[in-house]
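> coords please:
(one chain, ligands or ions: 2)
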Amino acid sequence: MLSCVDEILKSECLSRSEIITLLQAQGKERTKLFTCAAEVKQKYIGNKVYFRGLIEYSNLCAKNCLYCGIRQSNKHIGRYTMTENEVLEAVRYAYQEKYASLVLQSGEINTPAFIDRITDMLLKIGTITHHSMGITLSLGEQSKKTLSTWKDAGARRYLLRIETSNTELYRKIHPQNKLHDFYQRLNTIKSLREANYQVGTGVMVGLPFQTVEDMADDLLFFREMDVDMVGMGPYIEHTDTPLYQYKNSLLSLSERFDLTLKMIAILRIMMKDINIVASTAMQTIDKMGREKALLVGANIIMPNLTPRKYRENYLLYENKPCLDEEAYQCKSCLEARMHLIGCEIGYGEWGDSKHFENRQDLTTEDTENTEKSLI
Ligand code: SAM
Ligand code: SF4
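Numbering: from 1, shown residues only. Ligands and ions are numbered 1, 2, ... in the order given. Now for the predicted structure:
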């Protein structure tokens, strides 16, 4: 007999209530969800996993998000910014090892000096790698002008998580001021599309006050925004942050992990050709966390290229893994792990979002059709 989940998985376009049912699936129903997501992934994406070498450029941040370990008011960490040489060294390593893609991430700084430094670095990265690296930026909210300057300097993709699509919840997990405004963040995501970036966003799963309905709305938000990439991870508490006071009201770590896996699986079914990240936060909770995420729909991994001496100062949450490793150790460990789950590593390939490529093709087709009809 067909179960409710069987029926839902046949649906062309999942509704809010169907998503909620899937998020609550247990036992055999949960397995059916994961199997369906794995099939969709195999059909539309294949078994390749793409590496994005992660450079945690600086932990300086002008913001004070209530959940984040590198928020400006946390005085318990040493602040750092990598030198240009250190960044280019990490880039050379990624280039030699055929990672083909990089993510440059940091706290949010909007000063002209920071903006210029990033522009300069993008140009240098282009020169030393013969423009062969797909560069993703994750540098917080920036003006349209800055986003377009960085795009012109060589960036292709931008990751800016909305954190939660529920405006009330957003207010609860951020300070109440202009610097932490939901609509400002939303508008920046829209500006990314206008600047022709491959647009990435995402949320944390298992935040205090967050409900399963909120999570379903997050998935609907991604679909409505028609994003190209999504990075979702479990929320993990950090002692030196204001949200830590709610630690006793949180779901258990394994529940947060399980919900994140389901979010990934459902998203793969909803948005078949986007890129989905298997986040490091998954590995923090479960040693095989990223592998499990890849098996139910994710296709991107971000091996850490940050020099070891800085890693303990980029702790967004507690128990972040691989603090004592250098980049080369990360690589051999990942290769073995990917082999174990039958994933092929897309060395030398950008692994751009197929969703983005398909949209570009449609736009070109539209333009050609319009031109033809004008002739
Ligand atoms: N500053 C930029 C920004 O906020 O977009 C980029 C870097 S920020 C550290 C990257 C992501 O870390 C955030 O979007 C947030 O989702 C995640 N993060 C921060 N604190 C976290 C926590 N306690 N648990 C899980 N993820 C967290
Ligand atoms: Fe800064 Fe990003 Fe952390 Fe917010 S999440 S405090 S913007 S680094």
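> which stretches of the stretch 151-300 of the chain form strands?
155-159, 198-201, 204-205, 229-234, 275-278, 300-301 (DSSP state E, counting those that start in this stretch).
> Make a markdown table from those and add mean neighbour count and mean pLDDT to it.
Every C-beta, even on glycine, is put in place using the N, C-alpha and C of the backbone. Below are the strands of the stretch 151-300 of the chain laid out as a markdown table (neighbours: other CB atoms under 10 Å; pLDDT from 0 to 100):
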| stretch | mean neighbour count | mean pLDDT |
| --- | --- | --- |
| strand 155-159 | 24 | 98 |
| strand 198-201 | 26 | 98 |
| strand 204-205 | 26 | 98 |
| strand 229-234 | 27 | 98 |
| strand 275-278 | 27 | 98 |
| strand 300-301 | 26 | 96 |
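> how about the ones you listed in JSON lines, adding distance to Tyr183?
Compiled in JSON lines, those are given as follows (distance: least, CB to CB, whole Å):
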{"stretch": "strand 155-159", "distance to Tyr183": "18"}
{"stretch": "strand 198-201", "distance to Tyr183": "14"}
{"stretch": "strand 204-205", "distance to Tyr183": "19"}
{"stretch": "strand 229-234", "distance to Tyr183": "20"}
{"stretch": "strand 275-278", "distance to Tyr183": "25"}
{"stretch": "strand 300-301", "distance to Tyr183": "28"}
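> Of all these, which one is nearest ligand 2?
When those are compared by CB to the nearest ligand atom, strand 204-205 sits nearest ligand 2, at 9.6 Å.
> Low-confidence ranges, the stretch 251-375 of the chain, go.
Scanning the stretch 251-375 of the chain for pLDDT under 70 picks out 363-375.
> helix or strand for Phe118, which one?
Check again: residue 118 is Ile, not Phe. Assigned by DSSP states H and E, Ile118 falls within helix 112-128.
> Give the other helices and strands that that helix contacts.
Other elements packing on helix 112-128 under the criterion 3 or more CB pairs under 8 Å, 6 or more residues apart in numbering; DSSP states H and E are helix 84-96, strand 101-106, strand 134-138, helix 144-152.
> quick revisit: same list (the strands of the stretch 151-300 of the chain) but as JSON lines, adding distance to ligand 1.
Output for the strands of the stretch 151-300 of the chain, formatted as JSON lines (distance: least, CB to the nearest ligand atom, whole Å):
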{"stretch": "strand 155-159", "distance to ligand 1": "7"}
{"stretch": "strand 198-201", "distance to ligand 1": "9"}
{"stretch": "strand 204-205", "distance to ligand 1": "5"}
{"stretch": "strand 229-234", "distance to ligand 1": "5"}
{"stretch": "strand 275-278", "distance to ligand 1": "11"}
{"stretch": "strand 300-301", "distance to ligand 1": "15"}
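> Can you tell me the closest non-neighbouring residue to the closest residue to ligand 1 within the stretch 151-300 of the chain?
For the stretch 151-300 of the chain and ligand 1, the shortest gap (CB to the nearest ligand atom) falls at Arg161, measuring 3.7 Å. In space, and not counting its chain neighbours, Arg161 is closest to Gly202: 4.1 Å by CB to CB, 6 or more residues apart in numbering.
> hang on, the one you found packs against Ser165?
No - in this structure, Gly202 is not within contact of Ser165 by CB atoms under 8 Å, at 10.6 Å.
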